[in-house]
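[1] here is my input, please return the structure:
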Amino acid sequence: MTARSETAARRAAGTCVALLRALRAAVCDDPRALAELTLAADELA
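    Sure, this is the predicted structure:
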């Protein structure tokens, strides 16, 4: 694995973690978390 692909993999993993955290908080009706979820989903797309 090249350094570039390792960096991309770390970034993707971090985005997934952020997505899961935002999703969990969004279930609690937190509008800020929903905005974070939307941004994280856009980054994954």
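
[2] which elements pack onto the helix-or-strand element of the chain with minimal mean pLDDT?
    In the chain, no helix or strand scores lower on mean pLDDT, DSSP states H and E than helix 31-44, which sits at a mean of 79. The contact analysis (3 or more CB pairs under 8 Å, 6 or more residues apart in numbering; DSSP states H and E) places helix 31-44 against helix 3-26. Bear in mind the C-beta positions are built from the backbone N, C-alpha and C, glycine included.

[3] can you give me the buried ones in the least confident helix or strand of the chain?
    Judged by neighbour count (16 or more other CB atoms under 10 Å), helix 31-44 contains these buried residues: 33, 36-37, 40.

[4] which residues does the residue nearest to residue 44 when sequence neighbours are not counted contact?
    Nearest residue to residue 44 in three dimensions, chain neighbours excluded: residue 15, at 5.8 Å (CB to CB, 6 or more residues apart in numbering). For residue 15, the contact set (CB atoms under 8 Å, 6 or more residues apart in numbering) comprises 40, 43-44.

[5] equivalent analysis for residue 43, please.
    With contacts defined as CB under 8 Å, 6+ apart, the neighbours of residue 43 are residue 15.
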